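Asker: when you get a sec, could you give me coordinates for this:
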Amino acid sequence: MLDTMHHQIIIVGGGTAGITVAAQLTRGWFHSRDVAVIEPSDKHYYQPLWTLVGAGLAKKEVTEHTEASVIPRRVTWIRDAVAEFLPEQNTIRTRDGKTITYDWLIVGAGLQINWDKIPGLKGAVGKNGVCSNYTYATVDSTWDAIRNFRGGNAVFTNPSGAVKCGGAPQKIMYLADDRFREAGVRDKTKIIYASALPNIFAIEPYRATLEKVVARKEIDCRFRHELIEIRPESKEAEFRNLDTQVQVTLPYDLLHVTPPMGPPTFIASSPIADKDGWVDVDKDTLRHQRFANVFALGDCSNLPTSKTGAAIRKQAPVVVRNLLAAMQGQPLPAKYDGYTSCPLVTGIGKLVLAEFDYHKKPAETFPVDQSKERWSMWVLKRYLLPIFYWHGMLKGRM
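Answerer: Modelled structure (predicted):
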């Protein structure tokens with residue numbers, strides 16, 4: 001007989017989004033909410049620091065905690081994976097054969113890295129100069145490739161479609177430039193940024209600053225270029241120009257790949273997904289468009305903003321306030337304005353703190369011009385934000 005259980009509130013995903021919401025729902029002693037988190041992994045990662053790990057500026061071990069250590073005390077951890085959503089029956093079926101029913105569902109399951117979408121990539125990453133910051137297992141390969149680089153073509157890619165932190169593909173490039181200069185090999189090096197996007201950054205005034213950074217560092221930008229294949233035997237990367245459809249071959253000595261990403265398969269194939277596979281929510285209230293007892297936030301949602309931890313920090317209290325109101329049959333009081341943030345590392349000790357909303361307008365926190373490169377913002381990212389994450393967000397305090 002299959003295991004069957006019921007919880008008042010089910011949260012799918014034990015990453016940044018799921019744990020932040022779980023912590024906010026269960027803070028304090030005077031509540032009787034029955035909250036469970038479904039999460040298969042026994043590890044929890046602070047991924048924003050992986051850019052610095054890839055440049056040899058932080059140890060990856062500090063980004064890893066056990067999942068058990070971040071699950072709030074009064075939350076039930078169901079260590080399993082979702083196999084099927086049945087929202088019309090308020091039911092989830094899991095990989096291990098459990099049937100779980102709920103009154104309310106919150107989906108915060110992140111996104112999926114699709115290594116297989118680039119022929120040659122999966123077997124090449126971590127070897128012979130091919131590297132990627134995008135997993136705990138591969139991030140060390142980036143620092144190995146950078147510190148052992150002796151000149152030639154250093155190619156950094158950025159795919160079309162959603163990725164974790166839209167600025168991350170270029171941050172490691174700027175740090176690599178500094179490392180090449182330190183090693184005395186920059187004059188033997190051509191740095192190429194091959195991005196499927198039409199420009200270096202979508203938001204003014206940050207774009208203007210980054211264009212100056214690119215010029216100062218003498219980086220060859222190839223916009224509207226999508227990586228479509230890697231040939232590791234000949235150390236060649238094949239790109240398609242998205243405007244002309246012409247294919248371009250670039251030889252590489254170092255290739256940092258930002259892999260294609262998308263919604264988790266178990267979401268994309270479910271009734272809660274939109275036509276593109278993301279959880280279909282109202283962009284203001286974060287409530288599902290068709291199922292009134294379902295909310296979603298973070299990378300798995302179809303919210304039209306950048307997929308960052310900073311966005312989740314603003315989305316989580318909106319989900320919590322609106323869920324609690326809905327549970328009382330009241331109108332939803334909270335609205336999310338699309339706030340997101342991308343701390344754009346432009347070199348060792350330099351950072352532009354981009355913060356903006358749905359309207360692509362700056363929504364800055366500090367009383368300074370954040371479009372300027374600043375050491376103070378570097379200190380914020382390197383030392384303060386990890387503390388705020390582990391001891392603030394994941395504890396429901398911010």
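Asker: was I right to think M173 contacts T157?
Answerer: No - between M173 and T157 there is no contact under C-beta atoms under 8 Å: 9.8 Å. For glycine as for every other residue, the C-beta is placed from the backbone atoms N, C-alpha and C.
Asker: the more surrounded of those two?
Answerer: A side-by-side neighbour count of M173 and T157, using other C-beta atoms under 10 Å, places T157 first with 28 against 24.
Asker: that one in helix, strand or coil?
Answerer: Following DSSP: H, G, I helix; E, B strand; the rest coil, the label given to T157 is strand.
Asker: can you give me the distance of it to T16?
Answerer: As for T157, its distance to T16 is 25 Å (criterion: C-beta to C-beta, to the nearest Å).
Asker: which neighbours do M173 and T157 share?
Answerer: Residues within reach of M173 and of T157 at once, by C-beta atoms under 8 Å, 6 or more residues apart in numbering, are H256.
Asker: grab the longest helix from the protein for me.
Answerer: Counting by DSSP state H, the longest helix found in the chain is helix 309-327.
Asker: dump that one to CSV, keeping only the CA atoms.
Answerer: Taking Å, rounded to 0.1, in the frame of the first residue of the first chain, the C-alpha atoms of helix 309-327 are listed here in CSV:
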residue,chain,number,x,y,z
GLY,A,309,18.1,35.3,-4.5
ALA,A,310,17.5,39.0,-3.9
ALA,A,311,14.3,38.7,-5.9
ILE,A,312,13.2,35.9,-3.6
ARG,A,313,13.9,38.0,-0.5
LYS,A,314,11.2,40.4,-1.7
GLN,A,315,8.9,37.7,-3.1
ALA,A,316,8.8,35.6,0.1
PRO,A,317,6.9,38.1,2.4
VAL,A,318,4.4,38.7,-0.5
VAL,A,319,3.7,35.0,-0.7
VAL,A,320,3.4,34.7,3.1
ARG,A,321,1.1,37.7,3.6
ASN,A,322,-1.1,36.7,0.7
LEU,A,323,-1.3,33.0,1.7
LEU,A,324,-2.3,33.9,5.3
ALA,A,325,-4.9,36.3,3.9
ALA,A,326,-6.2,33.7,1.5
MET,A,327,-6.4,31.1,4.4
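Asker: and the spatially most central residue of the chain, what does it touch?
Answerer: Geometric centre of the chain, nearest residue: K164, 2.7 Å, by C-alpha atoms, centre = their mean. Under the criterion of C-beta under 8 Å, 6+ apart, the neighbours of K164 are Q47, L111, Y134, M261, D299, K307, T308.
Asker: surely the last one is in contact with C165?
Answerer: Yes - here T308 lies in contact with C165, judged by C-beta under 8 Å, at a distance of 5.1 Å.
Asker: mutual contacts of the two, please.
Answerer: Listed as contacting both T308 and C165 by C-beta under 8 Å, 6+ apart are C342.
Asker: and the helices in the protein?
Answerer: 16-26, 50-54, 67-70, 121-124, 139-147, 168-183, 206-216, 265-268, 309-327, 375-379, 385-391.
Asker: now render these as TSV, adding mean pLDDT and distance to N241.
Answerer: Below are the helices of the chain laid out as TSV (pLDDT from 0 to 100; distance: least, C-beta to C-beta, whole Å):
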stretch	mean pLDDT	distance to N241
helix 16-26	97	35
helix 50-54	98	27
helix 67-70	98	43
helix 121-124	96	19
helix 139-147	98	26
helix 168-183	98	18
helix 206-216	98	19
helix 265-268	98	28
helix 309-327	98	31
helix 375-379	97	35
helix 385-391	97	37
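Asker: turn these into CSV, columns for distance to A36.
Answerer: Formatted as CSV, these follow (distance: least, C-beta to C-beta, whole Å):
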stretch, distance to A36
helix 16-26, 9
helix 50-54, 29
helix 67-70, 14
helix 121-124, 34
helix 139-147, 31
helix 168-183, 32
helix 206-216, 40
helix 265-268, 17
helix 309-327, 14
helix 375-379, 38
helix 385-391, 22
